[in-house]
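Undergrad: Turn this into a model:
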Amino acid sequence: MPQKSKRPENYDEKLNLISHQVSGQTFHATIPSVQLASDLMSSNDELDISEAALIFRAVLACQEINQNDPHWGNFRWEKEDNTVEDLNAVQFVLFNFIPVLLKKSKMLPSKLVKDMRHSIALGLNEICKIDVALSYTNIVVKDIVNCCLGGQLLCNPEISFRGKNKLILWIEHVNTYGLPAEYNSPNYVSVVVRVLGSLVKLTDDKRIRICSETMLSRIGLSAALHVHPKTRNWGGPFSRAYSHAVFNPNAFNSNDIETWIEDGNMPRWVKSILQRPNKTEQIDETAHGLHPVAISTYHSPSFTLGVASSELKTQDIIFIALQSCVFHTQFLRPKIDCDGVVFSRYILDDKWLNFQTTPSRDPGQVIPEEGHFYGVHDKGRVIGLYAPRGLDAWTRRTSAKAIIVWTEIDKIDEIWVGNQKIDSLPFDVPKGKVIVIGSGNLWTAVLPLELTDLGGGSPIILTELDGHLCLEMYNYKGPAKTFWEMARPGSFYQGQPRCGFYAELSERSNYKTGADLSEMIQSGLLVDKAQAPSTYIEGVNRKHFVEYSRDDQVIGIEIDLFSWSIIKRWTQDGVLNLPMHKSPYAQQIKSGTLSQGGATIESEKGPIWLYACPTGNRYVAAYCGTQRTTFILSVYGKTFEMKNFGTGTIEWENGEIIVNAIID
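TA: Residues are numbered from 1 along each chain as shown. This next block holds a predicted model:
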């Protein structure tokens, strides 16, 4: 047996699986166990490998082998589960099985290897049958890698072809807008990088390797630009984020990206993005979805503000839909070791940190986003509009509210409502008043918009929740009831309730007191108007218009309350479009000619993107298309033209170029 230090404390030596307890019940988890076995296999220690073999055998016992089961070949998430529920289990297990057999099958007992190969064949059949949609990024990438490498392992060209074809389809899917649907997720971008990196290292197909490396470069470009140059933390917005990443700004940071680079999963030039100067900059990108999601991240010298145009809408699954983080701020607190965080949610029934997704998962793993959101963002200014997700005529509810949270109330320096400094909580905020919070290097000002009163007077309350400062903006607060007026279809529906906020963030040094910032915001013009309530008629709109303007700066949004759909968003520069990528250091477009920092690229096909290193001695140009093109790179008057150019990148450094593309 291996030394106990090589196994976690919750490893069950009798069952050879990792255990955990939730509400007094013990569960044995398949996925962490198979990951442990894979890690043990990376050692040349015979005892470690013997232990890994025992774990693999225990995991095999969790596979569904009933041929009549609709998910024959999948795995139970927990040993104690009665049936397959989480359909992703097979992806996670095979991702750990296949590389081990490709690299180290001779170290395992021949009977176990035979059984694992049979298990992989069953699992691949289940993966093909499920055929997960292209929008589920971290799982579709596992699908691709499992099929590419599984077909290679089993000498099954049909499975290999399916994996390669799905890789191309996924690239084309991402190319529609520039980023995958699960964009900028602290948890799952890391998963995608590790999984695609495995494919790069293990595939025997050069085209698969280059396509994967090209996508990793694009993911690295976006991820590194979301890291704040000063705090080194990974800023929002997040398509999906577990509570530890929401509350802890240092949960994912520049160290993660540097690890990707050192592990060979990301090109080394990405590190230069992390070394850019600390100055104001905004990154605007667009992610795929049922409707495209505009995501924008603003870096000020002391804070990062990330806003999404809407929540993640690709799937109506409890683990996914509730993890959106559409408004998220991280900021420096120089006198305190950790940075501060501000974020928003819509919450029903006062759910908070006690929310539990399944009996085998601890409460508080997810801070539920129980609302639908539309937002517009420009630098430090935001308009956010919320509507409840599950307020209807079926379920009784006791409350419905949008909240904005400032973490760690004991580290808040100042609280202002208008020109009044607040010293005790809870505090009832009068309508029309600006709330200003001072903490560390950041002022956060919030002006609540008009709230539809569904009962209880729609109060606005500053209060403490579990040690955090919270601004509650209620649509309903009262006894448990259903909401006939929210049923759609229904004879009483008059549209979604109005709920939202205007927020403005500023460096603390810009204003002496919170009252000064409040007065400045009140000096601007806020227009918050909606068409009068009326019973819903198919094909008719009920428009809600919000705009804030001051000193020639304008930000606005218009939505339809009936269908809860966005009509337009705008700033002083006009109606906002959906850029694939636009930042001070890089751009991405569908095709054509693109210039950045002294370099130019041209291609009739695309998409294409160009990164200019802040130091000026390196450029990276990429062609993400899946068809051949003529690609031209011009740097300092020297032109490089490549015909019949396929998916890939060109790196220019000090006059030398490195081509990593499909050119044969």
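Undergrad: Find the nearest non-adjacent residue to residue 629, please.
TA: Leaving aside its chain neighbours, residue 629 sits nearest to residue 605 (4.0 Å; criterion: CB to CB, 6 or more residues apart in numbering). (Each C-beta comes from the backbone N, C-alpha and C, glycine too.)
Undergrad: which residues sit in contact with the one you found?
TA: Residue 605 sits next to 591, 623, 625, 627-629 when contact means CB atoms under 8 Å, 6 or more residues apart in numbering.
Undergrad: helix/strand/coil for the closest residue to residue 640 other than its chain neighbours?
TA: Distance criterion CB to CB, 6+ apart; nearest residue to residue 640, sequence neighbours excluded, is residue 633 at 4.6 Å. For residue 633, the assignment made with DSSP: H, G, I helix; E, B strand; the rest coil gives strand.
Undergrad: what's the burial count for residue 633?
TA: When neighbours are defined as other CB atoms under 10 Å, residue 633 has 21 of them.
Undergrad: how about the nearest residue to residue 491, chain neighbours excluded?
TA: Using CB to CB, 6+ apart, the nearest residue to residue 491 is residue 535, at 7.5 Å.
Undergrad: I meant to write residue 368 there.
TA: Closest to residue 368 by CB to CB, 6+ apart is residue 322, at 4.3 Å.
Undergrad: Next up, the contacts around that neighbour.
TA: When contacts are counted by CB under 8 Å, 6+ apart, residue 322 touches 355, 357, 366, 368-370.
Undergrad: 7 Å instead?
TA: Residue 322 makes contacts with 366, 368-370, as judged by CB atoms under 7 Å, 6 or more residues apart in numbering.
Undergrad: Might one say that residue 221 is in contact with residue 587?
TA: No. The pair residue 221 / residue 587 is not scored as a contact, 10.6 Å apart, by CB atoms under 7 Å.
Undergrad: quick one, which of those two is more surrounded?
TA: Using other CB under 10 Å as the criterion, residue 221 and residue 587 rank with residue 221 on top: 26 against 20.
Undergrad: Which element, helix or strand, includes that one?
TA: Assigned by DSSP states H and E, residue 221 belongs to helix 206-225.
Undergrad: okay, among the contacts of residue 322, which ones form the most distant pair?
TA: 366 and 370 (10.8 Å; CB to CB).
Undergrad: thinking again about what came up before, check the contacts of residue 605 against residue 336 and report the nearest one.
TA: residue 623 (45.8 Å).
Undergrad: neighbours around the closest one, how many?
TA: Using other CB under 10 Å, residue 623 has 27 neighbouring residues.
Undergrad: Please, which helix or strand holds residue 395?
TA: Assigned by DSSP H and E, residue 395 falls outside every helix and strand.
Undergrad: where's it relative to residue 349, distance?
TA: Residue 395 sits 9 Å away from residue 349, going by CB to CB, to the nearest Å.
Undergrad: The two - which one has more neighbours?
TA: residue 349 (16 against 13).
Undergrad: Isn't the more buried one up against residue 399?
TA: Yes. Using CB under 7 Å, residue 349 is in contact with residue 399, at 6.0 Å.
Undergrad: re the thing from before, the residue nearest to residue 491 contacts residue 494, doesn't it?
TA: Yes. At 5.9 Å, residue 535 and residue 494 qualify as touching, with contact defined as CB under 7 Å.
Undergrad: So the two - more neighbours on which side?
TA: Taking other CB under 10 Å, residue 535 and residue 494 do not tie; residue 494 has more neighbours (17 against 12).
Undergrad: Might one say that the more buried one is in contact with residue 485?
TA: Yes. Between residue 494 and residue 485 there is a contact under CB under 7 Å: 6.4 Å.
Undergrad: any idea which helix or strand carries residue 27?
TA: strand 25-29.
Undergrad: any idea of the mean pLDDT in that strand?
TA: Looking at strand 25-29 alone, the average pLDDT works out to 88.
Undergrad: can you check stretch 434-454 too?
TA: Confidence for stretch 434-454, expressed as mean pLDDT, is 98.
Undergrad: what about the helices in this protein?
TA: For the chain, the helices defined by DSSP state H occupy 30-41, 46-60, 89-104, 110-130, 137-154, 157-175, 188-202, 206-225, 243-247, 254-262, 271-274, 318-321, 514-522.
Undergrad: how far away is the nearest residue to residue 216 once chain neighbours are set aside from residue 263?
TA: Using CB to CB, 6+ apart and skipping residues adjacent in sequence, the residue nearest residue 216 is residue 196, 5.4 Å away. According to CB to CB, residue 196 stands 12 Å off from residue 263.
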